[in-house]
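> Following is a predicted model, sequence given first.
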Amino acid sequence: MDTVLRSAREKLEKEHRESKESGKLKLEQEKKEKDAAERQRRAVESSQRARRLEAIEAQIEAHMKKVEEEKEKEDLIRREGEQRRSKMTNMRPPQRRAQDEVFISDDDEEDADLEVGDAPGTVQQDSAEGLLGMCEQEKNKKIRMRRQRMYRRRLRLKALGFNH
C-alpha cells in the first residue's frame, strides 16, 4: 500500500512540476509576444511621426517659397517705385509756383473752379503719396510676418500632437 501511495504521490508531484513549468513557459512566451508587439507599435508610430514631420516640413517649405515669391514681387514693385521717383527727381523740376498760386480745375471746364495749392501730378504731391504707400507696406509686412510665425507655430504644435 505504501508503494501505491508513494507512486501516486510521485505522479502528482511530477504533474504539478510539469504544469508549473508549462505555466512559466506560457508566461515567458506571452511576455515575449507583448514585447514584440510593443516594439512593432513603436516602430509604426515613429515611422508615422517621421512621415508627418516630413509632410509638415514640405508644407512649411512651400509656404516659405510662396512668401519669398511675394517678397520678391514687393521688392520689384518697390524698386520700380524708387526708379520712378528717382526719374522724377532727376528730371528738370517744373517751375516752382507760389504756395498760394491759383489754378483752374479741369473737372468742369464750363464752371471752372479756382483752387489754391499744388496742381495734381507735381513732385511734392507724388512724394507724399509715396510716403503714405510706404507706411502701408510696412504695416502689411508686419502683419504678414506675424501670420507666418503663427502658421509655423500651429504646424509645430500639430506635429507634436496638440490640436485645438
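Received the coordinates, thanks. Remember, it's a predicted structure, so these values are computed and weren't measured experimentally. Numbering: from 1, shown residues only.

> pLDDT on stretch 64-81, on average?
Stretch 64-81 shows a mean pLDDT of 91.

> can you pull the buried residues of that stretch?
Judged by neighbour count (16 or more other CB atoms under 10 Å), stretch 64-81 contains no buried residues. Backbone N, C-alpha and C define where each C-beta goes, glycine included.

> Stretch 142-160 now?
Quick answer for stretch 142-160 (16+ other CB under 10 Å): Leu155.

> How far does that stretch sit from its chain's centre?
Put simply, stretch 142-160 sits 4 Å off its chain's centre (CA atoms, centre = their mean, to the nearest Å).

> swap in stretch 58-71?
For stretch 58-71, the distance to the chain centre is 9 Å (CA atoms, centre = their mean).

> which outside residues touch that stretch?
Residues outside stretch 58-71 that contact it (CB atoms under 8 Å, 6 or more residues apart in numbering): Arg144, Gln148, Tyr151, Arg152, Leu155.

> pull the CA atoms of that stretch into PDB?
This file holds the C-alpha atoms of stretch 58-71, laid out as PDB (Å, rounded to 0.1, in the frame of the first residue of the first chain):
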ATOM      1  CA  ALA A  58       7.300  70.300 -47.000                       C
ATOM      2  CA  GLN A  59       4.300  72.500 -46.200                       C
ATOM      3  CA  ILE A  60       6.500  75.000 -44.400                       C
ATOM      4  CA  GLU A  61       9.000  74.900 -47.300                       C
ATOM      5  CA  ALA A  62       6.200  75.500 -49.800                       C
ATOM      6  CA  HIS A  63       4.800  78.300 -47.700                       C
ATOM      7  CA  MET A  64       8.200  79.900 -47.300                       C
ATOM      8  CA  LYS A  65       8.700  79.700 -51.000                       C
ATOM      9  CA  LYS A  66       5.400  81.400 -51.600                       C
ATOM     10  CA  VAL A  67       6.400  84.100 -49.100                       C
ATOM     11  CA  GLU A  68       9.700  84.600 -50.800                       C
ATOM     12  CA  GLU A  69       8.000  85.000 -54.100                       C
ATOM     13  CA  GLU A  70       5.600  87.600 -52.600                       C
ATOM     14  CA  LYS A  71       8.600  89.400 -51.100                       C
END
